[in-house]
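S.K.: fold the following and give me the result.
(chains A and B)
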Amino acid sequence: MPSTLTSVWSLTNRFLEWFGNLGLFARQVLRAAVRRPFEGRELIRQLDEVGSRSLPLVALAGAAIGAVLALETRSSLVQFGAKSMLPAAIVFSIIHETGPVVTGLVVSGRVGAGIGAELGSMKVTEQIDAIEACGVNPYKFLAFTRIVACILMLPLLTLAADFCGVMVGWIANTLVEPISFQKFIHQGLAGTSFNDFLAPTLRTAAFGLIIGMIACFQGMRTQGGTAGVGLSATSSVVLSSLFVILADVILVKFILVFFS
Amino acid sequence: MMHLEQVVLLAAEESRAVAIEGSAAKTDAPALVLQDLHKSFRSQIVLNGIHLNVSSGETLAVLGRSGTGKSVLLKLIIGLQKPDSGSIHIHGQEITGLDLDALNEIRKKMGFLFQHAALYDSLTVEHNVAFPLKRHTKITDSEQRDRVKELLAAVGMEGDLQKMPADLSGGMQKRVGLARALALEPAILLLDEPTAGLDPITSGEIDELILKLQEEHDMASIVVTHDLHSAKTIADRIALLHEGNVLIEGTFQELEKSDDQFVSEFLKRDS
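M.R.: Residues are numbered from 1 along each chain as shown, chains lettered A, B, ... in the order given. Model prediction:
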């Protein structure tokens, strides 16, 4: 029993220590962010890295979700005689929840692992020290640019996932029972307001902040050679995915209170 | 009766005084002054009251067993780590309490060659060398390219501008690292194991390169090394670290004359 208590105490301590260090890291990034130079070139490079290179995967994931939703939901709705609700069910589900969450999780896997491994490898090979020794702030050059790229790109990638999901949902639906795209969209968007679309999409900016911040933090505190790099990449994905899901729960409640 | 350690410390103090006098003769004030520098990691004391001076145009080699804090010493000087106590003066300015902006200004006066070169592996050789120039100078792109070519030519790498660091050998990476360290024409050059992991011929080439650059740029240099032959070739003075302190400091000949057992064993083992 005492050993269990000790383990719980130690785990709690480590968790609080991790959170404290994350807070200090965030403060350093914020302090670096307001100072010149603003590292525009590196930011553009990161926008490309996070945005363009994640696009195919995110589009594919969105398309798969659209197809699965169309096929799965159809049989349920037919059972209840609500077949005409199918476009609304697909569009509403994708825009509100599936699109943002799937995009967040796909990006946390691809980009989170990439940032964790890249910065981890830079840390153990003293490249981050070399940047600092050149008189350049690594919190701005490496962390701030990546975090901003994640914040800006997540909503755009979500739009791409939503679009692909709705398109493939319509195609899957049309293959079973032909319906024009115009009619599908008209029925799908019936009863939805701009807030239904805006709030969930902007919610993913918070996912971007979480993914960028955690991946940069885990990468820049890497220790212990190549084993440490692997650990940083894994922990970046696990922690950022976990916090994306937690943030989703909190933000859904927040959106329901303030935007509905 | 005086304890042997006290005798050795006194000898070191005396040697240091002579060396400082010698340095003072070269220039008015030392470029770099370390006073009573202490650094520990948890309970492990790494540096325990280090005093060192280096003047412009002078090269100091820091020797010592692995884990004696030689690389830590360089990282304290460039501000990558903070000392527990003591002071570091760069051209008369104390740097240990500076904020990041002020420290970055000081860092522009220093060049650092890392043990494994630490080239940015996502950038080409050209962009690695241009990295400090892009951030700290207002020269045009064509001037920057010319400067990079000039720096790479000085280290014999002018034909490898577009290569990636992964395509270079260890010696070539060190050369590029040296070119990057010299990009802002530093007044102080810090070299961490410049010949480690290199074959004797490449080591000799790097030593010659350092000597040549030293003559051309008149910098104050600190070279951390295990390579006694290299230290003998490139250094004006040598400081031997032992148990967190400078055990002895002086020219190579002065070290050879020392009758301290550790010094003799260290020189014998490496010779």
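
S.K.: let's verify residue 63: helix, strand, or coil?
M.R.: Here I'm looking at chain A. helix (DSSP: H, G, I helix; E, B strand; the rest coil).

S.K.: oops, wrong one, chain B.
M.R.: Assigned by three-state DSSP, the conformation of residue B:63 is strand.

S.K.: which residues does it bridge with?
M.R.: Beta-bridge partners recorded for residue B:63 (DSSP bridges): residue B:240.

S.K.: isn't it right up against residue B:267?
M.R.: No: the criterion here is Cβ atoms under 8 Å, and residue B:63 misses it with residue B:267 at 9.2 Å. Placement of C-beta: from N, CA and C, glycine included.

S.K.: out of those two, which sits in the busier spot?
M.R.: residue B:63 (26 against 18; other Cβ atoms under 10 Å in any protein chain shown).

S.K.: how far away is the more buried one from residue B:99?
M.R.: 34 Å (Cβ to Cβ, to the nearest Å).

S.K.: and what of residue B:215?
M.R.: 36 Å.

S.K.: nearest spatial neighbour of residue A:232, skipping sequence neighbours?
M.R.: residue A:120 (3.7 Å; Cβ to Cβ, 6 or more residues apart in numbering or on different chains).

S.K.: ugh, wrong one, I meant residue B:136
M.R.: Nearest-residue entry for residue B:136: residue B:108, 5.5 Å, with adjacent residues in sequence omitted and distances by Cβ to Cβ, 6+ apart.

S.K.: and the one you found, its phi and psi?
M.R.: Dihedral pair for residue B:108: phi -60, psi -20, per degrees, to the nearest 10.

S.K.: how about the strands in the chain?
M.R.: Using chain A here. Using DSSP state E, no strands are found in chain A.

S.K.: wrong one, I was asking about chain B
M.R.: B:32-41, B:44-54, B:59-64, B:85-90, B:93-94, B:110-113, B:188-192, B:220-224, B:237-242, B:245-250.

S.K.: with adjacent residues omitted, what lies nearest to the residue nearest the centre of chain A?
M.R.: Chain A has residue A:104 as the residue nearest its centroid, 2.5 Å off, counting by Cα atoms, centre = their mean. Ranked by Cβ to Cβ, 6+ apart and with sequence neighbours excluded, the top spatial neighbour of residue A:104 is residue A:207, at 3.8 Å.

S.K.: that neighbour contacts residue A:102, doesn't it?
M.R.: No: if you go by Cβ under 8 Å, residue A:207 and residue A:102 don't touch, sitting 10.9 Å apart.

S.K.: and the closest residue to chain B within the stretch 151-260 of chain A, how far from residue A:141?
M.R.: In the stretch 151-260 of chain A, the residue that lies nearest chain B is residue A:225 (12.0 Å; Cβ to the nearest Cβ). From residue A:225 over to residue A:141 the distance is 23 Å, taken as Cβ to Cβ.

S.K.: ok, now residue A:90?
M.R.: Taking Cβ to Cβ, one finds residue A:90 at 43 Å from residue A:141.

S.K.: which one's more surrounded, the two?
M.R.: A count of neighbours by other Cβ under 10 Å puts residue A:90 above the other of residue A:90 and residue A:141, at 28 against 21.
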